[in-house]
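Engineer: build me a structure from this.
(2 chains)
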Amino acid sequence: MEQRYSKEIERLYLKMYPMLFEYARSSLANDALAEEAVQDTFIIACQKAEDLCSSKRPEGWLVNTLKNVLSNTIRMQNTAKRILTQYFAANAKDISITTDKLDFELLYDDIADLEEFKLLKEMALDGRSYLEMAANRGISVATCRKRVQRAKETLRKKIEA
Amino acid sequence: MPNSRKLSKEDYSKFDFMTTEELQQILHDDFEKADEESDIDMILYVSGLLAARRKPGELEKTAAESWESFKKNYYPEFDQAVNDEPPEEVPHKKRKGGMPWWTRAVAAAAMFALIMGSAITAKAFGFDLWDIIVKWTQETFHIGYYGDANVSGPQQDDTIPYLGLREALDALNITVPLAPTWLPDGFAEDDIRIQEDPNQRRIIASYRCENSSIVIRIADHTSDNPLQIEQSGEEMEIYSAHGVDYYILSNYEQLRIVWINQNYECSIIGPISISDAKKMIDSIGGT
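Structural biologist: Numbering: from 1, shown residues only, chains lettered A, B, ... in the order given. As a prediction, the model looks like this:
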């Protein structure tokens, strides 16, 4: 990335963060997820720095990108919820899936990687951000995303099997 | 925004008298109307109002703290990406000092071998030899075709990581053998990502071992932006395997392997020994 782009992205971040955060917060109703949506927006901004900086209105570019990120976030959460619900339904145990105190070790010991499964559950049902989950486990956000993705794939395969 | 009519700036004062909940609802409604274009001025005004109503310390992070978190947790490549900016090309200029004669000889041989080697590959895949661009200077190494590389492919969500390098290659319908199956001891997959813009698709795969990392980059070769690598000119070796020439370059403390295979330009960088580099290359295999 060219230095002029990086400076501009930093400037835009510092200027736009409070407003983008409020926009994201109004739909996600969760501070950590709202911040994460802004962070994801700026990952795209870095990857498409030239587009952003050559845009007639970078602020508008960021708002529109944030809207896409929010749509993706909500869709991914819903997908994860759906997969979990399907899995729970197919492996019905006498417990509500909405309880916060699921004992996964006891209930779902057939799941290959409980740690990944817990991450998926925290993301989909508890509304935790990747940063929160990563910080709790001492892993990177990227690794956390990957594990959630892997858990989704694992469950999907189990459901389809 | 309740309606799509654009308000004049004067009209925005009406928002000042709305409750926080009402303002949040306006933003939420705007998001829900995905098929309608947002009134950006209004969005910025309303969201700015909400931000201004926050008490100091009410939020966990300030913009500056969030920026630091962004660089540390979400996009650690940021600083590296800035530093990777290719140096501006300087017109012919006599350099003082520079590489020893034998290194220049190796470089010249490399350039020749690259052209000849690429000619065979290029011819096999329909590229014109004289469209190949190769530049070698003391500081940089360029490699590429100036052909009509076809870089069309499916659009990928560049924020979603992939499970493995092979999966990422599959996702882009890349069947050319480009991914090593052997890594030096201790290195494990850390992150696989696809980045995409209208001109190029890139897969960035990183592998970690404690504080060291190996990064594999595979990208569509684009006609207007041949691969350019900054290098220190200390060591260079050409290693051929499965009909492809791999250029092993030292880059300060790192070793870099660079090659082009069909429409793809690839590089591997990391604290790798020459023998490990060759093992990785051998594991890539051929068609």
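
Engineer: any buried residues in the lengthiest helix in chain A, and which?
Structural biologist: Using DSSP state H to define each element, chain A has its longest helix at helix A:58-90. If you call a residue buried by 16 or more other Cβ atoms under 10 Å in any protein chain shown, then helix A:58-90 has these buried ones: A:58-67, A:69-70, A:73, A:76-77, A:80-81, A:83-84, A:87-88. C-beta here means a position set from N, CA and C on the backbone, and glycine is covered the same way.

Engineer: kindly report the same for stretch B:56-66.
Structural biologist: Of the residues in stretch B:56-66, B:59, B:63, B:66 count as buried by neighbour count, 16+ other Cβ under 10 Å.

Engineer: over to the first one. Which of the three states is it?
Structural biologist: When the structure is split into helix, strand and coil by DSSP: H, G, I helix; E, B strand; the rest coil, residue B:59 lands in coil.

Engineer: now do whichever strand or helix holds residue B:269, average pLDDT.
Structural biologist: Element membership for residue B:269 (DSSP states H and E) is strand B:264-270. Average pLDDT, strand B:264-270: 87.

Engineer: that one pairs with which strands?
Structural biologist: strand B:212-220 (antiparallel), strand B:254-261 (antiparallel) (DSSP bridges).

Engineer: next up, phi/psi of residue B:38, please.
Structural biologist: Dihedral pair for residue B:38: phi -80, psi 150, per degrees, to the nearest 10.

Engineer: sorry, slip of the keys, the one I care about is residue B:194.
Structural biologist: According to degrees, to the nearest 10, residue B:194 has phi -110, psi 130.

Engineer: distance-wise, check residue B:57 relative to chain A.
Structural biologist: Shown here: residue B:57 relative to chain A, a distance of 13 Å by Cβ to the nearest Cβ, to the nearest Å.

Engineer: likewise for residue B:34?
Structural biologist: Applying Cβ to the nearest Cβ, the value for residue B:34 to chain A is 7 Å.

Engineer: check residue B:218 too.
Structural biologist: In terms of Cβ to the nearest Cβ, residue B:218 sits 16 Å off from chain A.

Engineer: rewinding a little: keep only the buried residues of helix A:58-90 that also lie close to chain B.
Structural biologist: A:59-60, A:63-64, A:67, A:69-70 (Cβ under 8 Å from any Cβ of the partner chain).

Engineer: nearest to chain B among those residues?
Structural biologist: Proximity of those to chain B (Cβ to the nearest Cβ) peaks at residue A:60, which lies at 4.1 Å.

Engineer: beyond the helix or strand bottoming out on mean pLDDT in chain A, next helix or strand please.
Structural biologist: In chain A, no helix or strand scores lower on mean pLDDT, DSSP states H and E than helix A:104-107, which sits at a mean of 50. Reading on from helix A:104-107 to the C-terminus, the next helix or strand found by DSSP H and E is helix A:114-124.

Engineer: can you confirm whether that next one lies near chain B?
Structural biologist: No - using Cβ under 8 Å from any Cβ, helix A:114-124 stays clear of chain B, coming no nearer than 11.5 Å.

Engineer: packing partners for that helix?
Structural biologist: Under the contact criterion of 3 or more Cβ pairs under 8 Å, 6 or more residues apart in numbering or on different chains; DSSP states H and E, helix A:114-124 touches helix A:58-90, helix A:104-107, helix A:130-137, helix A:141-160.

Engineer: tilt between that helix and helix A:130-137?
Structural biologist: For helix A:114-124 against helix A:130-137, the angle by axes from the mean of the first three to the mean of the last three Cα atoms, to 10 degrees is 140 degrees.

Engineer: in helix A:114-124, what's buried?
Structural biologist: For helix A:114-124, by 16+ other Cβ under 10 Å, it's A:116-124.

Engineer: could you dump the residues you listed into TSV with pLDDT and distance to residue A:37 added?
Structural biologist: Shown next, in TSV, are the buried residues of helix A:114-124 (pLDDT from 0 to 100; distance: Cβ to Cβ, whole Å):
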residue	pLDDT	distance to residue A:37
A:116	79	23
A:117	80	24
A:118	83	23
A:119	86	18
A:120	86	19
A:121	84	20
A:122	87	17
A:123	86	14
A:124	85	16
